[in-house]
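Peer 1: When you get a sec, could you give me coordinates for this:
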Amino acid sequence: MGKTALGVGGAAALGALAYKLYNDYNKGESTTSGSPQTPDNFTQTSQHDESVLKAMIAAAKADGHIDEQEMAKIKQALTQIDADASVQQLIQAEMAKPLDPAEIARLAVSPEHATEIYLASLLVADEQNFMEKAYLKELATQLGLENGLVEQLNAQVSQ
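Peer 2: Below you'll find the model as predicted:
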């Protein structure tokens, strides 16, 4: 699935992939708090789409600029969520902001959402140079993702 997730269903495919990878990673571990997330209650909302979009923009600019490939992926995501003029304003504002992985991490509302934010970032930062790798590492730390899960996500995307 990997890098084609943005092309075959956008945010929904990305969410489903993140959910699957998160649950595959956590198989066998007992959950003690709250009800588990299922695909039915792992819903897509405008706030959810916005958080994924912000994560994508931050990852794209992690190396100091947004190249044509990264911008094409962002535009594809915008098309899939039927973005309007207010979303275009959001993009411009996010592109002008200083890079802050902690701010992106604060957008996560659940461990599954954190996984999705990291996965969206990973998919956009396809040509990982030192700066992108450092950003992704810090983002994973800020999101509280375990190393094993991060390795699984990286392996899934590189397939």
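Peer 1: tell me the contacts of the residue nearest to G144 when sequence neighbours are not counted?
Peer 2: Once flanking residues are discounted, G144 sits nearest to A114: 6.5 Å by Cβ to Cβ, 6 or more residues apart in numbering. (Each C-beta comes from the backbone N, C-alpha and C, glycine too.) Neighbour list for A114: A105, A108, L143, G144, L145 [criterion: Cβ atoms under 8 Å, 6 or more residues apart in numbering].
Peer 1: Just give me the neighbour total for the fourth one.
Peer 2: When you say that, I think you mean G144. 11 (other Cβ atoms under 10 Å).
Peer 1: Going forward, the N-terminal residue is numbered 420.
Peer 2: Happy to do that; since the first residue is 420 now, the last one works out to G563.
Peer 1: mind checking how far it is from H532?
Peer 2: Counting by Cβ to Cβ, to the nearest Å, the gap from G563 to H532 is 11 Å.
Peer 1: Confidence-wise, which helix or strand of the chain is lowest on average?
Peer 2: For the chain, using mean pLDDT, DSSP states H and E, the weakest element among its helices and strands is helix 429-445, scoring a mean of 57.
Peer 1: Please tell me I have it right and G483 contacts M550.
Peer 2: Yes: checked against Cβ atoms under 8 Å, the pair G483 and M550 is within contact range at 6.7 Å.
Peer 1: neighbour-wise, which of these two wins?
Peer 2: Applying other Cβ under 10 Å to G483 and M550 shows that M550 carries more neighbours, namely 14 against 9.
Peer 1: hmm, back to that, quick one, which of the contacts of A533 are buried?
Peer 2: Buried members of those, counted by 16 or more other Cβ atoms under 10 Å: A524, A527, L562, L564.
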